[in-house]
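> Fold the following, please.
(chains A and B)
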Number of protein chains: 2
Amino acid sequence: MSKVLIFGHKNPDTDSICSAIAYAALKKELGVDAEPVRLGGLNGETEYALKQFGAELPRLIKKAAPEVEQVILVDHNERQQSVDDIDAVRILEVIDHHRIANFETSDPLYYRAEPVGCTATILNKMYKENGVAVPKNVAGLMLSAIISDSLLFKSPTCTEEDIKAAQELAEIAGVNAEEYGLAMLKAGADLSGETTETLISLDSKVFAMGNYQVEVAQVNAIDVLDILARKEEIEEALQRTIAEKELDLFLFVVTDILNSNSVAIVAGQEAAVVEKAYNTPISDRTIVLEGVVSRKKQIIPVLTDIFQEMSQ
Amino acid sequence: MSKVLIFGHKNPDTDSICSAIAYAALKKELGVDAEPVRLGGLNGETEYALKQFGAELPRLIKKAAPEVEQVILVDHNERQQSVDDIDAVRILEVIDHHRIANFETSDPLYYRAEPVGCTATILNKMYKENGVAVPKNVAGLMLSAIISDSLLFKSPTCTEEDIKAAQELAEIAGVNAEEYGLAMLKAGADLSGETTETLISLDSKVFAMGNYQVEVAQVNAIDVLDILARKEEIEEALQRTIAEKELDLFLFVVTDILNSNSVAIVAGQEAAVVEKAYNTPISDRTIVLEGVVSRKKQIIPVLTDIFQEMSQ
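Numbering: from 1, shown residues only, chains lettered A, B, ... in the order given. Alright, predicted model coming up:
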């Protein structure tokens, strides 16, 4: 088989980077010429994980078709979150743990989605199913992905399977999951050095919801007020992005990883949808999302339901 | 967990019926209250298989939401091939071997598609993964599904995995795959008693291809000329369906299961696309599709590519 590129979503998070590396390692073990690549810059958390486990930084690509005919997607499926020329290549496989939307192929493929908290949890199973041992450094990266996606097992997306996989992987990697995890999350939560533009695009995804285009960015923080102090310039950056991408709504979510709460800055003509979704008033462009830490489970489904109703 | 209905596509074929039964049996073994149901009438081949292995006929449903909140799809994913009120229920899982299109969820789910020839081949793996032995009569049904989808292992969709699964299942079921398979295919290929309306809807699916709506029906035959003798009335039936469903193209494919060739009757304003796809002239509304036996692998992708290009 000719060469295959494996990548996660744009604005990659730790799962998108580490699962691409982990799945490429498995594929290579199975005789496939696979290379992990990335569709964007790294955040501080992922940098910390790669450094901790001595992993090579995957190459940055803007397009896939100039170099390969076939790709494998990890940690995403929605077209607008994938490489720009996704329509010009054949998607051989998808390994993911998100909803399925805006995804279409003309040929059958291997598609494996499971409702677990992290792609790496599925990959841990696939290593076993293929009788391949997870290498020590890859185990560390997969553990990092699970800790990142589950906010150290506190997110409502975290399942028993994620916890079990993390325990196995921590043992192989030779680290204490809790200690290492907190250090990694803290490395990612230090956003003081980031520009506003970086802040709103670090972990940001665009979703098609009915006839509406919605972008939801999320950052983890230890000190939420530190970020809210920059509200004015963040708002301006959100407005610029809305104009540029013709969005109906932009939600910038700051999640307090120690207290498992979030505050969001809301911009766009459909801001009122967020008030309706959480039955909470927006005050001065800001809304408190009590107990919300998961974009996937606590934000996207509620917004999608309202926008789909509005589209009918 | 509350009750779950499991079903295959409309105009069910042997895989859609038998895989629904087989997966419901596995789910029940795992403690889930699952019932296999069907979205349409049985063809002669499936009737033969159910009778042969003493299986109960799954109940016919028109809508799912009045009785359950959750469903599992087997052997399909495209919305227009599923139950009419699919948007009113939650799709918990999909087990399939087709391309993915016109499918969207608001929540994460278990989605398992593999590029093999038959859903039952994937289910055979899932029985093993869950440590559950396939019951003797269920093995017979799963074998029937594989023989049906692979035209007794002759279709280009048939993989090594399908052949291996069929061998295992034939052993459990206590039948000779080749002998039983030919008898089953022949039972399905006797279409002399069918009305024209039944003939064109027995195994028919509607596909969204770019901005176009295309229906492709397929029947297996021992004597192709027997069916072509009814060309006039078949054409009229195709035209009625085109008007009713506002289709751009209807392809009625008659597959000679002994010689692995097909002839198609073509109707609709986009008939010329079929000539382009196979670089073969349509003569008197009929086109010979040399060596074509698989709708999934040899018809849908080539038509999709052209219609997608036309939609840009």
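> measure A:Val263 to A:Ala49 for me?
26 Å (C-beta to C-beta, to the nearest Å). (C-beta placed from N, C-alpha, C; glycine too.)
> more neighbours, these two?
A:Ala49 (27 against 21; other C-beta atoms under 10 Å in any protein chain shown).
> quick check, the more buried one in a helix?
Yes: the assignment for A:Ala49 by DSSP: H, G, I helix; E, B strand; the rest coil puts it in a helix.
> which stretches of chain A form strands?
Taking DSSP state E as the criterion, chain A carries its strands at A:4-7, A:34-38, A:59-60, A:70-74, A:90-96, A:110-113, A:204-209, A:212-221, A:249-256, A:261-267, A:286-289.
> Between the ones you listed, which one is closest to chain B.
Nearest to chain B, of all these, is strand A:110-113, at 4.0 Å by C-beta to the nearest C-beta.
> who's in contact with whatever residue of the stretch 201-312 of chain A ends up closest to chain B?
Chain B sits closest to A:Thr304 of the stretch 201-312 of chain A, with a gap of 4.4 Å, by C-beta to the nearest C-beta. The contact partners of A:Thr304, taken as C-beta atoms under 8 Å, 6 or more residues apart in numbering or on different chains, are A:Phe207, A:Met209, A:Gly210, B:Ser106.
> go again using 10 Å as the cut-off
By C-beta atoms under 10 Å, 6 or more residues apart in numbering or on different chains, A:Thr304 lies in contact with A:99, A:101, A:207-210, A:212, A:214, A:277, B:104-107.
> Of the residues you listed, which is the most crowded?
Busiest of the contacts of A:Thr304 [other C-beta under 10 Å] is A:Val214, holding 24 neighbours.
> and the stretch 201-312 of chain A, which residues reach chain B?
Residues of the stretch 201-312 of chain A lying near chain B by C-beta under 10 Å from any C-beta of the partner chain: A:208-209, A:296-297, A:300-305, A:307-308, A:312.
> from those residues, which single one is nearest A:Ile6?
For those, the minimum distance to A:Ile6 (C-beta to C-beta) is 21.2 Å, reached by A:Lys296.
> Pull the number of nearby residues for the residue nearest to the closest one when sequence neighbours are not counted.
Leaving aside its chain neighbours, A:Lys296 sits nearest to A:Thr157 (5.8 Å; criterion: C-beta to C-beta, 6 or more residues apart in numbering or on different chains). Per other C-beta under 10 Å, the neighbour tally for A:Thr157 reads 21.
> Provide the backbone phi and psi angles at A:Thr157.
phi -80, psi -10 (degrees, to the nearest 10).
> mind listing what the residue lying closest to A:Ile222 once chain neighbours are set aside touches?
Excluding its sequence neighbours, the residue lying closest to A:Ile222 (C-beta to C-beta, 6+ apart) is A:Ala189, at 4.7 Å. Contact analysis of A:Ala189 by C-beta under 10 Å, 6+ apart lists A:44-45, A:219-224, A:226-227, A:255-258.
> show me what contacts A:Ile282?
Applying C-beta under 10 Å, 6+ apart, the residues contacting A:Ile282 are A:Ala264, A:Ile265, A:Val266, A:Ala271, A:Ala272, A:Val274, A:Glu275, A:Val288.
> May I see the residues you listed arranged in JSON lines, with neighbour count and pLDDT as well?
What follows is the contacts of A:Ile282, written out as JSON lines (neighbours: other C-beta atoms under 10 Å in any protein chain shown; pLDDT from 0 to 100):
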{"residue": "A:Ala264", "neighbour count": "24", "pLDDT": "97"}
{"residue": "A:Ile265", "neighbour count": "24", "pLDDT": "97"}
{"residue": "A:Val266", "neighbour count": "21", "pLDDT": "97"}
{"residue": "A:Ala271", "neighbour count": "16", "pLDDT": "96"}
{"residue": "A:Ala272", "neighbour count": "13", "pLDDT": "96"}
{"residue": "A:Val274", "neighbour count": "22", "pLDDT": "97"}
{"residue": "A:Glu275", "neighbour count": "13", "pLDDT": "96"}
{"residue": "A:Val288", "neighbour count": "14", "pLDDT": "96"}
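> Of all pairs in the residues you listed, which one is the farthest apart?
A:Ala272 and A:Val288 (16.3 Å).
> all helices of chain A, in order?
For chain A, the helices defined by DSSP state H cover A:14-29, A:44-52, A:119-129, A:136-150, A:160-173, A:177-189, A:196-201, A:224-228, A:231-245, A:272-278, A:300-311.
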